[in-house]
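J.: Provide a 3D model corresponding to the input given below.
(2 chains)
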Amino acid sequence: DVKVTQSSRYLVKRTGEKVFLECVQDMDHENMFWYRQDPGLGLRLIYFSYDVKMKEKGDIPEGYSVSREKKERFSLILESASTNQTSMYLCAIRTGGRMRGYTFGSGTRLTVV
Amino acid sequence: QQQVKQSPQSLIVQKGGISIINCAYENTAFDYFPWYQQFPGKGPALLIAIRPDVSEKKEGRFTISFNKSAKQFSLHIMDSQPGDSATYFCAASDSNYQLIWGAGTKLIIKP
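T.: Okay, the predicted model is just below:
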């Protein structure tokens, strides 16, 4: 089974810091996604990527950017962290095929103080 | 048109009872409807999925019921167990494969 690894489970950062969240898959899937999860709001798509160096904005891209220099790694960047970016961040890959299944990492809980 | 509306937001069910979570959609181009289950500290995991050419799909104690004319689908958990306590998300996608998510339901099964 494919594995999606997010580098940190918990992070505490200060307002204004630049924050990097890393996501790595152990197979060769093209489609990778970054979501944030907040109570009552479900999963909201921040950015996604269909291939190396390709990125597309999701529903809430403001305040975020992404980088995909290698196929297995998809990074989410908070250029200047703010308290309203305190959230759970989830990385996912789409395994493709007719089932269209998504495999998620365990998430990074980010607190901005 | 892109929304998937999920209810209830939270649900408490006695052990052995039936848990029912409902979702509704507007976009008739959606042709794939999965349910994901998320335990605390974990990412969501695919539980069961259905396509609109069938009205029901069952896997063990979990059943999806699908009503194409009403644009609604629901998850039924029979003989609910404390281990089923989790957050459940419905979703939908079209041929572009991007999932549109419901807001989630926190299910608690009381022993």
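
J.: How many residues are close by the residue of chain B found nearest chain A?
T.: Among all residues of chain B, B:Gly43 sits closest to chain A, at 2.8 Å; criterion: CB to the nearest CB. (Glycine included, C-beta is placed from N, CA and C.) Close neighbours of B:Gly43, defined as other CB atoms under 10 Å in any protein chain shown, add up to 22.

J.: What sits closest to it if chain neighbours are left out?
T.: With CB to CB, 6 or more residues apart in numbering or on different chains as the measure, A:Phe104 is the residue that lies nearest to B:Gly43, at 2.8 Å, once sequence neighbours are left out.

J.: Would you quantify the distance from that neighbour to A:Leu110?
T.: Summarising the geometry, the distance separating A:Phe104 from A:Leu110, computed by CB to CB, to the nearest Å, is 16 Å.

J.: Can you classify residue 35 as helix, strand or coil?
T.: Looking at chain A here, since you left the chain open. Assigned by DSSP: H, G, I helix; E, B strand; the rest coil, the conformation of A:Tyr35 is strand.

J.: Please name the bridge partners of residue 57.
T.: Defaulting to chain A. Counting by DSSP bridges, A:Lys57 is bridged to A:Tyr47.

J.: meant chain B, my bad for not saying
T.: With DSSP bridges as the criterion, the beta-bridge partners of B:Lys57 are B:Ile64.

J.: Likewise for A:Arg109?
T.: Residues in a beta bridge with A:Arg109, per DSSP bridges, are A:Tyr10, A:Met88.

J.: residues in contact with it?
T.: Residues counted as contacts of A:Arg109 (CB atoms under 8 Å, 6 or more residues apart in numbering or on different chains) are A:9-11, A:87-89.

J.: give me that answer again for 7 Å
T.: The contact partners of A:Arg109, by CB atoms under 7 Å, 6 or more residues apart in numbering or on different chains, come to A:9-10, A:88.

J.: and the residue nearest to A:Thr5 when sequence neighbours are not counted, which of the three is it?
T.: Spatial nearest neighbour of A:Thr5, chain neighbours left out: A:Val24 (4.9 Å); criterion: CB to CB, 6+ apart. Using three-state DSSP, the secondary structure recorded for A:Val24 is strand.

J.: same question, A:Asn84
T.: Under three-state DSSP, the three-state class of A:Asn84 is helix.

J.: and chain A, which residues reach chain B?
T.: Listed as neighbours of chain B in chain A under the rule CB under 7 Å from any CB of the partner chain: A:40-43, A:90, A:94, A:99-102, A:104-107.

J.: Of all pairs in these, which one spans the longest distance?
T.: A:Gly40 and A:Met99 (28.6 Å; CB to CB).

J.: quick revisit: which of the residues of chain A next to chain B are buried?
T.: With neighbours counted using 16 or more other CB atoms under 10 Å in any protein chain shown, the residues of chain A next to chain B contain these buried positions: A:42-43, A:90, A:94, A:100-102, A:104-105, A:107.

J.: Can you name every helix or strand that the helix or strand where B:Thr87 lies contacts?
T.: Under the criterion DSSP states H and E, the helix or strand holding B:Thr87 is strand B:86-92. The elements that strand B:86-92 packs onto, with contact taken as 3 or more CB pairs under 7 Å, 6 or more residues apart in numbering or on different chains; DSSP states H and E, are strand B:4-7, strand B:19-25, strand B:33-38, strand B:72-77, strand B:100-101, strand B:105-110.

J.: Mean pLDDT lowest where, among the ones you listed?
T.: Considering these one by one, the lowest average pLDDT is found for strand B:100-101, at a mean of 92.
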